[in-house]
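*Asks:* show me the folded form of this:
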Amino acid sequence: MKKLELQVSFTTPAFLGNAQQQGQWRTPPFKALLRQWWRVAAAEDCGYDVNKLREREAGLFGSASENECTGQSKVRLRLGQWRNGNGSFSLQDSKVKYPEVKFSVGSSLYLGYGPVGFKKGQGTVVNMPNAIAPGDISQLRIAFPDETYCQATIQLVAWFGTLGSRSRNGWGSLLMQGDGIDGTGALLGGKTPALRDISRTLEECMQLDWPHALGRDDKGLLIWSSKPFNDWQQAMKHLAEVKIAFRTALPVNGGFQDRHLLAYPVTNHTVKSWGNQARLANQLRFKVVKNDGKHYALVFHLPCALPEELAKKLGNSTPSRQRQFKVWDQVHRVLDNQM
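*Replies:* Numbering: from 1, shown residues only. Predicted coordinates for the structure are as follows:
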């Protein structure tokens, strides 16, 4: 077994809740994040075969399903303390323009709707008691077998990991520091040749309907970073502006539209065959990283095709892979201009 002792904190507020929907440091979300990025690290070695990947994942992280009981996880995690967050932060909620509505919208509310809300007379508020504040620190100990992809997985989590509600929008941006972990300077400087080993071209990624690799094109990896900002609030505002830019670049005029490929549901624009219960997570992930006292907005793409279950419901309206590719190519061009 290898052992790592890491210092973990967040660069943006983390809405990491317990069963009572109160903010709390807890081990299970960290383990789930490790499993998520382990799949990316190990996917190629499994030939991108989801059944082989699940089998290996169960052998490493454990499984208690009726069909396959592999016992306890071989990966062990321990937090310094399971405790409530201190909730001691404020939201400035800078306004950003949204071309499709009459008024400007709050950037924090736009990216965090749910755990972030609006109350008359108070403005933007945090709905989760004891949310974990930026800079709140804990210790995380990880013990794992001398398995090829465990160390690589922890590095991926350090670079790209986010936790909690609305984490794909940049909330709960994780900062991990410790021996054997490269800082974000290498990522921002493009000095990460190992990332190419877990990347595939957009065309290759679109052959599967689950996120399994970082995308790349003829310009390089599909990772975008911003200019440096003095604080996390400015970085989050920039992410809100970027998201508005690439979403509104794809108009919605009724029925199934290109914008529905980005994420679903879309406010006020429901696809009849999908209803209001279908869910499609955004393939573009956001994170705020910190380096040398500055904050940077980060966007990265783990491309995949529209899930087969949702595609079948569209019938004759099912978008071809070529159409999906064109939509993402258009989004990438917006990101190239914005970041």
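
*Asks:* isn't residue 207 right next to residue 324, touching?
*Replies:* No - with contacts counted by CB atoms under 8 Å, residue 207 stays clear of residue 324, the gap being 11.2 Å. Every residue, glycine included, has its C-beta placed from N, CA and C.

*Asks:* just want to know which of the two has more residues nearby.
*Replies:* residue 324 (20 against 12; other CB atoms under 10 Å).

*Asks:* against residue 182, how distant is the more buried one?
*Replies:* 33 Å (CB to CB, to the nearest Å).

*Asks:* shared neighbours, residue 207 and residue 324?
*Replies:* Contact criterion CB atoms under 8 Å, 6 or more residues apart in numbering; residues shared by residue 207 and residue 324: residue 305.

*Asks:* how about the strands in the stretch 101-250 of the chain?
*Replies:* Secondary structure of the stretch 101-250 of the chain (DSSP state E, counting those that start in this stretch): strands located at 105-106, 116-119, 123-126, 138-144, 174-177, 199-201, 214-217, 220-221, 223-225.

*Asks:* for residue 238, find the nearest of these.
*Replies:* With CB to CB as the measure, strand 223-225 is the member of these nearest residue 238 (10.5 Å).

*Asks:* what lies in contact with that closest one?
*Replies:* 187-188, 195, 214, 289, 296-301, 335-336, 338-339.

*Asks:* any idea which of the residues you listed has the most stuff around it?
*Replies:* Ranking those using other CB under 10 Å puts residue 297 first, with 28 neighbours.

*Asks:* show me what residue 288 is bridged to.
*Replies:* Beta-bridge partners for residue 288, by DSSP bridges, are residue 297.

*Asks:* hmm, back to that, just send the strands of the stretch 101-250 of the chain back as TSV, with distance to residue 259 and mean pLDDT too.
*Replies:* Below are those laid out as TSV (distance: least, CB to CB, whole Å; pLDDT from 0 to 100):
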stretch	distance to residue 259	mean pLDDT
strand 105-106	17	92
strand 116-119	23	92
strand 123-126	25	90
strand 138-144	38	95
strand 174-177	29	95
strand 199-201	24	96
strand 214-217	19	96
strand 220-221	25	94
strand 223-225	20	96
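
*Asks:* where in the stretch 1-150 of the chain is pLDDT low?
*Replies:* 65-70 (pLDDT under 70).

*Asks:* could you show me where the helices are in it, in order?
*Replies:* Ranges of helices in the stretch 1-150 of the chain, per DSSP state H, counting those that start in this stretch, are 27-42, 50-61, 107-112, 150-160.

*Asks:* mind listing what's buried in the first one?
*Replies:* Neighbour-count burial for helix 27-42, counted by 16 or more other CB atoms under 10 Å, picks out 29, 30, 31, 33, 34, 36, 37, 38, 39, 40, 41, 42.

*Asks:* so the third one sits against residue 76, correct?
*Replies:* No - Residue 31 is not in contact with residue 76 according to CB under 8 Å; the separation is 9.4 Å.

*Asks:* residue contacts, the closest residue to residue 180 other than its chain neighbours?
*Replies:* In this structure, residue 180 finds its nearest non-sequential neighbour in residue 4, 6.5 Å apart by CB to CB, 6 or more residues apart in numbering. Residues near residue 4 by CB under 8 Å, 6+ apart: 141, 142, 143, 154, 178, 179, 180, 181.

*Asks:* before we move on, back to that, including distance to residue 80, could the helices of the stretch 1-150 of the chain go into TSV?
*Replies:* Converted to TSV, the helices of the stretch 1-150 of the chain look like this (distance: least, CB to CB, whole Å):
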stretch	distance to residue 80
helix 27-42	11
helix 50-61	22
helix 107-112	27
helix 150-160	17
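
*Asks:* and these: which comes nearest residue 226?
*Replies:* With respect to residue 226, and counting by CB to CB, the nearest of these is helix 107-112 at 13.7 Å.

*Asks:* can you name the residues in contact with the closest one?
*Replies:* 15, 91-96, 98, 116-118, 124, 165-166, 169-171, 233, 236-237, 239-241, 243-244, 286.

*Asks:* with stretch 331-339 instead?
*Replies:* Contacts of stretch 331-339 (CB under 8 Å, 6+ apart): 217, 219, 222, 224-226, 241-242, 245-246, 249-250, 262, 284, 297, 299, 301.

*Asks:* one step back: so which of the helices of the stretch 1-150 of the chain is nearest residue 307?
*Replies:* helix 50-61 (12.4 Å).

*Asks:* any buried residues in that closest one, and which?
*Replies:* Across helix 50-61, burial judged by 16+ other CB under 10 Å covers 53, 56, 57, 58, 59, 60, 61.

*Asks:* try stretch 300-318
*Replies:* Neighbour-count burial for stretch 300-318 flags 300, 301, 302, 303, 304, 305, 306, 310, 313, 314 (criterion: 16+ other CB under 10 Å).

*Asks:* about what we covered before: out of the buried residues of helix 50-61, who's nearest residue 258?
*Replies:* Using CB to CB, the buried residues of helix 50-61 come closest to residue 258 at residue 53, 30.2 Å.

*Asks:* quick revisit: can you redo the strands of the stretch 101-250 of the chain as JSON lines with distance to residue 255?
*Replies:* Converted to JSON lines, the strands of the stretch 101-250 of the chain look like this (distance: least, CB to CB, whole Å):
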{"stretch": "strand 105-106", "distance to residue 255": "26"}
{"stretch": "strand 116-119", "distance to residue 255": "31"}
{"stretch": "strand 123-126", "distance to residue 255": "34"}
{"stretch": "strand 138-144", "distance to residue 255": "47"}
{"stretch": "strand 174-177", "distance to residue 255": "39"}
{"stretch": "strand 199-201", "distance to residue 255": "30"}
{"stretch": "strand 214-217", "distance to residue 255": "28"}
{"stretch": "strand 220-221", "distance to residue 255": "34"}
{"stretch": "strand 223-225", "distance to residue 255": "31"}
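
*Asks:* cool, thanks, signing off.
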